[in-house]
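# predicted structure and sequence below. I'll ask about it afterward.
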Amino acid sequence: MVNEQTIETKTLTGGQGVVECLKKEGVTKVFCVPGESYLPVMDAIYDTPSIELISCRHEGGASFMAEGYAKATGEPGVVMATRAVGGTNLAIGVHTAYQDSTPMVVFLGQVHTAFRGREGFQEVELDQFFSHIAKWTVEIKEAKRVPEFVSRAFKVAKSGRPGPVVVSLPEDMLRDTAIMKFMPTPPRSKPAPSVSEIEKALALLKEADKPLMIAGGGVTRANAEAELLTFVHSAGIPVMASFRRHDVFPNNHDLYVGHLGLGTPKAIIETAEQADLILVLGSRLSEITSQDYSLFNDKQTLIHIDISEEIIGKVFIPAIGILADAKEALKAMSNLSLTLKPESVQWAKERRDIFVKHSELHIEEKTNESVTYQQSIHILQTELPQETIFTNDAGNFATWLHNYFTFTKEKTYIGPTSGAMGYGIPAAIGAKCANPNIPVVSLSGDGGAMMTIQELETAVRYQIPIISIIYNNQVYGTIRMHQEINFPERVIGTTLGNVNFVLLAQAMGASAEFINTADQLKRALQKAVSNPLPTLLELRMDPEQISVSKTIRDLRKNR
């Protein structure tokens, strides 16, 4: 029973009630594009010094900022927009949060209740529109129920497998006054596994000849990186990171054996194929992680631990499925002794050697020649602090980061498992808002950058000094690669025009520099780290180098 003294009663408008809920949830940043349909909420934020409203240039950018902020903090990102036009623009961020298991709460203004059902101005049934790509959707029709629904929205966004929640706010409801009751914020539940489940899992691990762990975003969401390191170190099990979860385990550890992603060398993928037992912790085994759902075979034993019952057995049926928070599961496993077979230890060493062989950068010190993708990754590794946070767009340029950058600290990588273009710059802004004293670097291709580059002006206006690196090869690279594989020499739609990103960034008030050589990139990064303004660095790249391992010429030759 709730103690009556913990219930707070206030008479507020619907808009004021929403903001009162944000205060009680500890929200300090709200990303938005303003809209007249939810002006009462904005007005209430005006009277709330503890909440900063960050007004963006596009709703898609605002939603990516909120998503990046949520990944960086572990708390729900909050984004607001107006009715259908604003809501549809930010849908890309909602979908990203859904596939990436990122907690986010979306508030959308809605048509006046009296005008509904007449195809009023910008009318869409928002709760239905978002139902497929959100964890929960709701429309608040009575002001008195604002605390009930907003509190539930935050609870749903954070609980189990986190995700986005969309709350629709009719404009008349926001102006209505009501007596509201505010309850305490419930803590996030952290289910623990039973002793018998852990004992069964460890018994299978002891019998295995080639056991492997795949660690996913559930480890990050549970803040369980330290527990994972402790367990792996004591047990001796090699670890692979699921798609775009590189920072879940230190890549320089002797038991880290690679990343299951796009463009991962076949020799590294073979580690997962050779394993006779796979312990999956906090991963939904997505299409990319599972290599088109083909990675596992009938001879392998699968142990799947996840905080969501819906995830366990969704794509692969495990021998043992354990519903548990990743941190609680790792604590339980660490409490029981586990000694692997000598051949298991030897196999782990062999697979580590394979990973090292295929992930080492071989750099020629030609610092006065045009900078290459490999050189840029090497310079990012050597010139920036270990705690630097990286974000990236979708695109083939990212495979150089994925394959060659060594992530050694937790929570230093924020990438979209949804594969969304335009993600890098706004996500970096969100991450920098969460970590103002840590360098934040976004990597983009010219295609993705042009989708959200207007948010550099947002970063300038709010003095958010991100570093944006743009690899400009004037091509939609990933699509061009697939085009050359499937329809060689029949180039259509994938060639882009010449954009001067330096002038574009400078026009918005950011610092910018055109990079020709490795030496220039080193100096520019050193300067950018202490620059109070956002910095954009443009690298012109050869479109012929279409991927890590192939040129366009190679693809056509192999056809």
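Structure received.
# quick one: the strands in the stretch 101-250 of the chain?
Along the stretch 101-250 of the chain, the stretches classed as strands by DSSP state E, counting those that start in this stretch are 104-110, 136-139, 164-170, 177-182, 211-215, 239-241.
# partner strands of the last one, with direction?
What it means is strand 239-241. Strand 239-241 has the following strand partners under DSSP bridges: strand 211-215 (parallel), strand 256-259 (parallel).
# please apply the same query to the third one.
Strand pairing for strand 164-170, determined by DSSP bridges: strand 104-110 (parallel), strand 136-139 (parallel).
# export the longest one as PDB, just CAs?
What follows is strand 104-110, C-alpha atoms only, in PDB (Å, rounded to 0.1, in the frame of the first residue of the first chain):
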ATOM      1  CA  MET A 104      12.500   7.100 -25.000                       C
ATOM      2  CA  VAL A 105       9.300   9.000 -24.300                       C
ATOM      3  CA  VAL A 106       7.700  10.900 -27.200                       C
ATOM      4  CA  PHE A 107       5.100  13.600 -26.600                       C
ATOM      5  CA  LEU A 108       3.100  14.700 -29.600                       C
ATOM      6  CA  GLY A 109       0.500  17.400 -29.800                       C
ATOM      7  CA  GLN A 110      -2.800  16.300 -31.100                       C
END
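# Glu455 against Ser63, yeah?
No - at 11.1 Å, Glu455 does not count as touching Ser63 under the criterion of CB atoms under 8 Å. Using the backbone N, CA and C atoms, a C-beta is placed for each residue, glycine as well.
# neighbour-wise, which of those two wins?
Between Glu455 and Ser63, counted using other CB atoms under 10 Å, the more crowded position is Ser63 (35 against 29).
# and the more buried one, what does it touch?
Phe31, Val79, Ala81, Leu90, Ala91, Ile92, Gly93, Val94, Thr96, Ala97, Met104, Val106 (CB atoms under 8 Å, 6 or more residues apart in numbering).
# go again with 7 Å.
Contact partners of Ser63, counting by CB atoms under 7 Å, 6 or more residues apart in numbering, are Val79, Leu90, Ile92, Gly93, Val94.
# make sure it is indeed in a strand.
No - assessed with DSSP: H, G, I helix; E, B strand; the rest coil, Ser63 is helix; it does not lie in a strand.
# out of everything not next to it in sequence, what's closest to Ala512?
Once flanking residues are discounted, Ala512 sits nearest to Ala505: 3.8 Å by CB to CB, 6 or more residues apart in numbering.
# following the strand or helix carrying the one you found, which helix or strand comes up?
Element membership for Ala505 (DSSP states H and E) is helix 501-507. Moving toward the C-terminus from helix 501-507, the next helix or strand (DSSP H and E) is strand 511-515.
# can you name every helix or strand that that next one contacts?
When contacts are defined as 3 or more CB pairs under 7 Å, 6 or more residues apart in numbering; DSSP states H and E, strand 511-515 sits against helix 501-507, helix 518-529, strand 535-540.
# out of these, indicate the one that is most buried.
When the helices and strands packed on strand 511-515 are scored by mean count of other CB atoms under 10 Å, the highest mean neighbour count falls to strand 535-540 (a mean of 24).
# burial measure for Asn516, as a count.
Asn516: 14 neighbours (other CB under 10 Å).
# report pLDDT for it.
Each residue has a pLDDT score; the one for Asn516 is 93.
# how far does stretch 273-280 sit from the chain's center?
Its chain's C-alpha centre and that of stretch 273-280 lie 25 Å apart, by CA atoms, centre = their mean, to the nearest Å.
# and it, which residues are buried?
Ala275, Asp276, Leu277, Ile278, Leu279, Val280 (16 or more other CB atoms under 10 Å).
# secondary structure element holding the fourth one?
Under the criterion of DSSP H and E, Ile278 resides in strand 277-281.
# quick one: the helix or strand that that strand is followed by to strand 277-281, angle?
Toward the C-terminus, strand 277-281 is succeeded by strand 301-306 as the next helix or strand (DSSP H and E). Per axes from the mean of the first three to the mean of the last three CA atoms, to 10 degrees, the angle that strand 301-306 makes with strand 277-281 is 10 degrees.
# avg pLDDT for strand 301-306?
96.
# what pairs with that strand, parallel or antiparallel?
strand 277-281 (parallel), strand 320-323 (parallel).
# pull the residues that contact that strand.
201, 204, 218, 276-282, 296, 312, 316, 318-322, 324, 329.
# quick one, which of these are buried?
Using 16+ other CB under 10 Å, the buried ones in the contacts of strand 301-306 are 201, 204, 218, 276-282, 296, 312, 316, 318, 320-322, 324, 329.
# now stretch 386-394, how far from the chain's geometric center?
Put simply, stretch 386-394 sits 10 Å off its chain's centre (CA atoms, centre = their mean).
# end-to-end on that stretch?
By CA to CA, to the nearest Å, the extent of stretch 386-394 from end to end equals 23 Å.
# what's around Thr11, how many residues?
By the criterion of other CB under 10 Å, Thr11 has 10 neighbours.
# so what's it bridging to?
Bridge pairing for Thr11 - DSSP bridges - gives Ile179.
# distance of it from Gly477?
Applying CB to CB, to the nearest Å, one obtains 57 Å for the distance of Thr11 from Gly477.
# output the lowest mean pLDDT helix or strand found in this protein.
helix 552-557 (a mean of 82; mean pLDDT, DSSP states H and E).
# list the buried residues for that helix?
Ile552, Leu555.
# now the angle between strand 104-110 and the helix or strand harbouring Glu67, please.
Assigned by DSSP H and E, Glu67 belongs to helix 59-73. Calculated by the same axes, to 10 degrees, helix 59-73 forms an angle of 150 degrees with strand 104-110.
# now the element after helix 59-73, going C-ward?
strand 77-81.
# which other helices and strands contact that following strand?
strand 29-32, helix 59-73, strand 104-110.
# dump it to CSV, restricted to CA.
Only the C-alpha atoms of strand 77-81 are listed here, as CSV (Å, rounded to 0.1, in the frame of the first residue of the first chain):
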residue,chain,number,x,y,z
GLY,A,77,15.3,10.5,-23.8
VAL,A,78,12.4,12.9,-24.2
VAL,A,79,11.3,14.4,-27.5
MET,A,80,8.3,16.5,-28.5
ALA,A,81,6.7,17.5,-31.7
